[in-house]
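Asker: whatever this is, show me its structure:
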Amino acid sequence: MMIWLLRWWTSRFSYRRVADHRQLLSTSTEEDDSTAQLSVVIGGAGADQGLPADVFARVVIPLLPVDDAVRLRGVGKAYGAQLIDEAFLLGRINSCLAQQQLTGLINVERDRGADTSAPPLPAPLLRLGYLARCAYVIERAAEWRYMARFIRVASACGAAGQLPLVLSGESVAAHIPHKATFHRLPATMAVYQIFGGLLGSGAQLTEGRRGKTSVAVISLHPLVTAAVYLFFLLWFAWVLVVSTLGTYQDVRNGPLSDRPVLCWIAALAASLWISATVLAGALMVGWQLPSLLHQRKRKVQWYRFGERRFRLIDGDELWRLHPFMRRTCRHTDPPVSCSTPPLRVYRSFSAFALDTLLERLAYPWAPGLMSVILDVTVGRRGGYRVLLRDAFSGESDPFVVDSRVDSPTAFLPLYVPMRVVVLLLGGGSVVASVSLDEGRIVVRTTEAAVSHGVPIDGRFPVTVAAVRQLLRRFGLENETVGPLP
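Answerer: Residues are numbered from 1 along each chain as shown. I've put the predicted structure just below:
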């Protein structure tokens, strides 16, 4: 316990970051403290020194984030409007989409606001502001490392509709009126909130009410907390030794002192009884001590993802989830706790979102319904344990969702790890999942059976071939799918 406290102590962080309330990526020419810091001397007619405009455009501007580049438009009086224009923003959008492998998956309304035949942008949004906001969101989407894979899985399941997902002017005006609005959430959640509405009903991310819940935190300095536990252990050891020896001496000096053998047996029995009593009392106090030191009621922000309610896990709660969380937590893609059954803790919002999407595919009315083609109990030993813990480093296809059972009442919830390995197959047309839960391996797929009355390899050829290849690495192929026909 003390090692956990010292190892996992971290200051509490909040995901509701403070940002200014100016219009996001404002193109106003009025300078403020932020734009003053971006002042750059640009060479021009009549200027004694500075960078030539073409050098500035090639070397300096590409290094700036989108919001800084647009603010620089108001600072660089001579060349700001010339260098940072619609073409620059469209080029930045294209480059970000290519870098994040989102080309063909996400797009913007490139002609809206310029083509008179297209509907006008919602007021007060102008074309430059719309493109600037789109570029900023897509640039920030780099924080969501699995965004491209998530969209491909959603598309293969029939939840994403027709690709690419188009970031419309109405969606931008609704979700990004100010920069502060975007930064109220971690980057992954903020980006998903904008694009989630394009994935159909039931996949939207919405904010719920704030409410109190029980959390386990380190409210004192970790050294003080460790000192409390050390004092309790020393006190327990002292009481145990003193009471045991005292009882032993009292019996030895009592009425049976003239009968050595009987006196020794009685003293030993009494000492053991006293030791058991002290130990039971110490266990009772020790069981309550962590709750007294760490259990607190905290008002938290609740969110809804489809039918599931969840909250973010703050940094001062992570010590309780060791070793499940380890050092995988990222502020931009934080761990979450789901309060809707089944109660689980996820290492990241990305994993929670994908697990929720796959869960929805189990509903009979869901598009791209995933059917169970294998359900085998293999036990928790050998290859199963290795598969449950494998990092899949260097793998490009599997998307691993790790979770564990949580409890709102237990101080240290049972460590019951669960894992779902998601495979995107058939050129992106088939989604298969391999679920590991308490010694069971369950395989689901969106692939339709190509024939009936034949072995499973013939009914689901694409899925079974990929599952065989996955399980073969861990020696589980014959136990689950069976030997090759």
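
Asker: show me the shaky parts of the stretch 1-150 of the chain.
Answerer: 1-51, 76-80 (pLDDT under 70).

Asker: then the stretch 151-300 of the chain?
Answerer: For the stretch 151-300 of the chain, the ranges with pLDDT under 70 are 200-202, 219-221, 248, 251-252, 256-258, 291, 293.

Asker: ranges for the strands of the chain?
Answerer: 106-108, 165-167, 205-216, 295-305, 308-312, 336-338, 344-346, 371-377, 399-405, 417-425, 430-437, 440-445 (DSSP state E).

Asker: in contact with the closest residue to Val434 other than its chain neighbours, which residues?
Answerer: Sequence neighbours aside, Val421 is the residue nearest to Val434 in space, at 4.5 Å (criterion: Cβ to Cβ, 6 or more residues apart in numbering). Bear in mind the C-beta positions are built from the backbone N, C-alpha and C, glycine included. The neighbourhood of Val421, defined by Cβ atoms under 8 Å, 6 or more residues apart in numbering, consists of Leu387, Phe392, Pro398, Phe399, Val400, Val401, Ser433, Val434, Leu436, Leu470.

Asker: make it 6 Å
Answerer: Applying Cβ atoms under 6 Å, 6 or more residues apart in numbering, we find Val421 in contact with Pro398, Val400, Val434.

Asker: can you tell me the closest non-neighbouring residue to the residue nearest the centre of the chain?
Answerer: Compute the mean C-alpha point of the chain, and by Cα atoms, centre = their mean the closest residue is Ser348, 1.2 Å away. Leaving aside its chain neighbours, Ser348 sits nearest to Asp333 (4.5 Å; criterion: Cβ to Cβ, 6+ apart).

Asker: wait, that neighbour sits on Tyr346?
Answerer: No - the pair Asp333 / Tyr346 is not scored as a contact, 10.3 Å apart, by Cβ atoms under 6 Å.

Asker: on that earlier part again, most surrounded residue in the contacts of Val421?
Answerer: Val434 (24 neighbours; other Cβ atoms under 10 Å).

Asker: now the helices for the stretch 51-200 of the chain?
Answerer: 53-55, 66-75, 80-83, 86-99, 127-140, 147-156, 169-175, 179-182, 187-196 (DSSP state H, counting those that start in this stretch).

Asker: pick the most deeply packed of those.
Answerer: Of the helices of the stretch 51-200 of the chain, the one with the most neighbours on average (mean count of other Cβ atoms under 10 Å) is helix 127-140, at a mean of 24.

Asker: quick one, what contacts the nearest residue to Ile93 once chain neighbours are set aside?
Answerer: Nearest residue to Ile93, sequence neighbours excluded (Cβ to Cβ, 6+ apart): Ala135, at 5.0 Å. Neighbour list for Ala135: Val66, Leu89, Arg92, Ile93 [criterion: Cβ under 6 Å, 6+ apart].

Asker: now do the top helix by length along the chain against strand 205-216, angle only.
Answerer: Identified as the longest helix of the chain according to DSSP state H is helix 260-294. Here helix 260-294 points in a direction 150 degrees away from that of strand 205-216 (axes from the mean of the first three to the mean of the last three Cα atoms, to 10 degrees).

Asker: how close does the nearest residue to Thr480 once chain neighbours are set aside sit to Asp457?
Answerer: In this structure, Thr480 finds its nearest non-sequential neighbour in Val376, 4.7 Å apart by Cβ to Cβ, 6+ apart. Look at Val376 and Asp457: by Cβ to Cβ, to the nearest Å, they are 15 Å apart.
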